[in-house]
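J.: The following block contains a protein sequence and its predicted model.
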Amino acid sequence: MEKDNKQLPQGGRPEKLNPRKHRYVFRLNEEENAKFLSLYEQSGMAYKARFIISVLFNKEIKTVKIDKTAIDFYTKLTELNAQFRKIGVNYNQIVKILYRHFSEKKAGAYLFKLEEQTKKLVALSEEIKQITQNFEQKHLKN
């Protein structure tokens, strides 16, 4: 029996169309490795090899930086706005109750005190707006 020059299929995994056959190895010291890992984590890529290839061939690297202070600031600001809304609702209820249960003169005296506190609240609101604008200018530049 003669052997054919053809190879018989041997089974196994099918060959890739564009296999990656070439391998390069490089070594990093502790400082370089820490920097590499930091950049890799910021990229959000799933594989270190793909990250290295994208850096080598100048492909776009996605980095996402989450500023915890900005998130905390936004959360607190949202809570303050909710508190101002609650104060406004309570203010309207208090005025109605004062005129319903007290004489006009006594209700006017209480409303004067309420008005003074409201002026302080407005001043505080203006200060919060100014702080917010300063924060946006310094930290949320687009």
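T.: On my side now, so go ahead. Numbering: from 1, shown residues only.

J.: what's the pLDDT at Ala34?
T.: The confidence metric pLDDT takes the value 93 at Ala34.

J.: number of nearby residues for it?
T.: 11 (other CB atoms under 10 Å). Placement of C-beta: from N, CA and C, glycine included.

J.: can you list the domain ranges for this protein.
T.: With automatic domain parsing as the criterion, the domains of the chain are listed as 23-65, 68-139.

J.: okay if I get these as a markdown table plus distance to Gln10?
T.: As requested, the domains of the chain are arranged in a markdown table below (distance: least, CB to CB, whole Å):
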| stretch | distance to Gln10 |
| --- | --- |
| domain 23-65 | 24 |
| domain 68-139 | 56 |
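
J.: Relative to Leu17, which of those is closest?
T.: When those are compared by CB to CB, domain 23-65 sits nearest Leu17, at 17.4 Å.

J.: Can you get me the start-to-end distance on that closest one?
T.: For domain 23-65, the first and last residues are 32 Å from each other (CA to CA, to the nearest Å).

J.: go on, stretch 50-64?
T.: By CA to CA, the extent of stretch 50-64 from end to end equals 17 Å.

J.: Return the set of buried residues in whichever helix or strand Glu31 is part of.
T.: Counting by DSSP states H and E, the element that carries Glu31 is helix 30-43. Across helix 30-43, burial judged by 16 or more other CB atoms under 10 Å covers Tyr40, Ser43.

J.: For Leu80, which non-adjacent residue is spatially closest?
T.: Excluding the flanking residues, the one nearest Leu80 by CB to CB, 6 or more residues apart in numbering is Ile128, at 6.4 Å.

J.: Any idea which of the domains of the chain gets closest to Gly12?
T.: Relative to Gly12, the nearest member of those by CB to CB is domain 23-65, separated by 20.9 Å.

J.: so how far is the host helix or strand of Gln83 off the chain centroid?
T.: Assigned by DSSP H and E, Gln83 belongs to helix 68-101. Using CA atoms, centre = their mean, to the nearest Å, we find the averaged C-alpha position of helix 68-101 to lie 25 Å away from the chain's own average C-alpha position.
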